[in-house]
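Student: What would the 3D arrangement of this be:
(2 chains)
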2 protein chains.
Amino acid sequence: MSQTQKSSVRKQVLATATEEFFENGFAGTSMRAISALSGVSMSNIYNYFKDKNEILYVVLQPLLEAFDCLLSRYGDKEYIEANFSSIGDYQTSVVNEFMEILNNFREELRLLLFRSSGSSFENFQYTFAEKYSQANSLCITLMKRRYPHIKTDFSNIFIRSLSSFWITIMGEIITHDELTPSEIKHFLEEYIQYSTAGWETMMKQ
Amino acid sequence: MSQTQKSSVRKQVLATATEEFFENGFAGTSMRAISALSGVSMSNIYNYFKDKNEILYVVLQPLLEAFDCLLSRYGDKEYIEANFSSIGDYQTSVVNEFMEILNNFREELRLLLFRSSGSSFENFQYTFAEKYSQANSLCITLMKRRYPHIKTDFSNIFIRSLSSFWITIMGEIITHDELTPSEIKHFLEEYIQYSTAGWETMMKQ
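Tutor: Have a look, this model is predicted:
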């Protein structure tokens, strides 16, 4: 079989699997269904993918990369120092980043957050929060360097919980499909105001 | 079979199921395993419970009742009016209520939040947030009646997201078993300070 043929078989399996995962979730999709609907035999599917979890991983990869990209930017000292002089700036920027991910990957996010049970992604919120809280800790450290009088000795669990909250926000938006873009925008402005006031008060103590 | 015998069979099934659910989660526990480990035949188990989901429901019932009780108290006009004159009071009281549930039902919460996939409870966080946001809306309305100058026209999604956040907090604490009681107490004080400052600022606009 030529490379082109191989590549098209792989694509066909992924296209079918994506549709099935979006429709029925990870647990509700069987390898048998992917095989029947894609017209690729079970044994041939296993030539391309180790198991159903690996297919899910490939389907979610663009979304996971977008998260990693966000994390690496907000975990970068120079980027933070060059772009943010206040907690308000930072919060606004983060909101925009998360909303871009939400706009680009709504179905993938729904699958990841609500329909990935049984896969290796089922506790995504908590593993993400762990990583993202490191970026947030760095931001706080850099703020401290710039404004030495501020209080910055927050507990890890506090920073982690607020990091985890970004996933909660995305989950709430996805759960409510009836929200219009302007309602979402208004909500995010409320959240920026709320969280900025919260952080500023904490830092003044 | 006497009532006493029946009752003891039911108890035996529940005790075994509880242990298995805590150990292996809902999806990882089979009716066959419950039957083998409890010594009650499959067909006899079905005399007591419709299905595995109903057994989970009974196991989680004390926890679910504790949540309902919290919701009904914080959804009660007289209770709120009599007990809280500020958002800070209210936040502190809510923290204590959630922590009491966490202390009394840690294993049940872990099962409900992280290991109930495949059951009717798998999206508990979002259904709970929906109900709890009604209680929070009531609290805001009552604050407005007492302090007419405050701003209270927050979006539903904002109130719902902050309601949802209580489950995120419990989830983060459960995920980190290494936290000592005094670390948890400190974290909750941080959160009360943060959220009170956030709400107060929002209400002043």
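
Student: if I pick A:Leu37, what's in contact with it?
Tutor: Residues in contact with A:Leu37 (C-beta atoms under 8 Å, 6 or more residues apart in numbering or on different chains) are A:Thr16, A:Glu19, A:Glu20. Yep, even glycine has a C-beta here, placed from its N, CA and C like the rest.

Student: out of everything not next to it in sequence, what's closest to the first one?
Tutor: Spelled out, that is A:Thr16. Counting by C-beta to C-beta, 6 or more residues apart in numbering or on different chains, A:Thr16 lies nearest to A:Ser38, which is 3.8 Å off, once chain neighbours are set aside.

Student: and the gap between the one you found and chain B?
Tutor: The gap separating A:Ser38 from chain B is 25 Å, by C-beta to the nearest C-beta, to the nearest Å.

Student: Any chance you could list what contacts stretch A:158-170?
Tutor: With contact meaning C-beta under 8 Å, 6+ apart, stretch A:158-170 is reached by A:94, A:98, A:101-102, A:109, A:113, A:124-126, A:128-130, A:132-133, A:135-137, A:140, A:191, A:195, B:125, B:161, B:164-165, B:168-169, B:171-172, B:176, B:187, B:190-191, B:194.

Student: Put the buried members of the residues you listed into a PyMOL selection.
Tutor: Buried residues among the contacts of stretch A:158-170 (16 or more other C-beta atoms under 10 Å in any protein chain shown), as a PyMOL selection:
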select buried, (chain A and resi 94+98+101+109+113+124+125+126+128+129+130+132+133+135+136+137+140+191+195) or (chain B and resi 125+161+164+165+168+169+171+172+176+187+190+191+194)
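
Student: Out of the contacts of stretch A:158-170, which sit inside helices?
Tutor: Judged by DSSP state H, helices contain the following of the contacts of stretch A:158-170: A:94, A:98, A:101-102, A:109, A:113, A:124-126, A:128-130, A:132-133, A:135-137, A:140, A:191, A:195, B:125, B:161, B:164-165, B:168-169, B:171-172, B:187, B:190-191, B:194.

Student: who does the lowest-mean-pLDDT helix or strand in chain A touch, helix- and strand-wise?
Tutor: Within chain A, no helix or strand scores below helix A:77-83, which has a mean of 85 by mean pLDDT, DSSP states H and E. For helix A:77-83, the elements it packs on are helix A:87-104, helix A:124-146, judged by 3 or more C-beta pairs under 8 Å, 6 or more residues apart in numbering or on different chains; DSSP states H and E.

Student: Could you pull out the buried residues of the shortest one?
Tutor: Read that as helix A:87-104. Within helix A:87-104, the residues that count as buried by 16+ other C-beta under 10 Å are A:Ile87, A:Gly88, A:Tyr90, A:Gln91, A:Thr92, A:Ser93, A:Val94, A:Val95, A:Glu97, A:Phe98, A:Met99, A:Ile101.

Student: Let me know the distance separating the spatially closest residue to the last one that is not a sequence neighbour from A:Phe114.
Tutor: Spelled out, it's A:Ile101. Counting by C-beta to C-beta, 6+ apart, A:Ala66 is the residue found nearest to A:Ile101 once chain neighbours are left out, at 5.0 Å. Distance, A:Ala66 to A:Phe114, by C-beta to C-beta, to the nearest Å: 18 Å.
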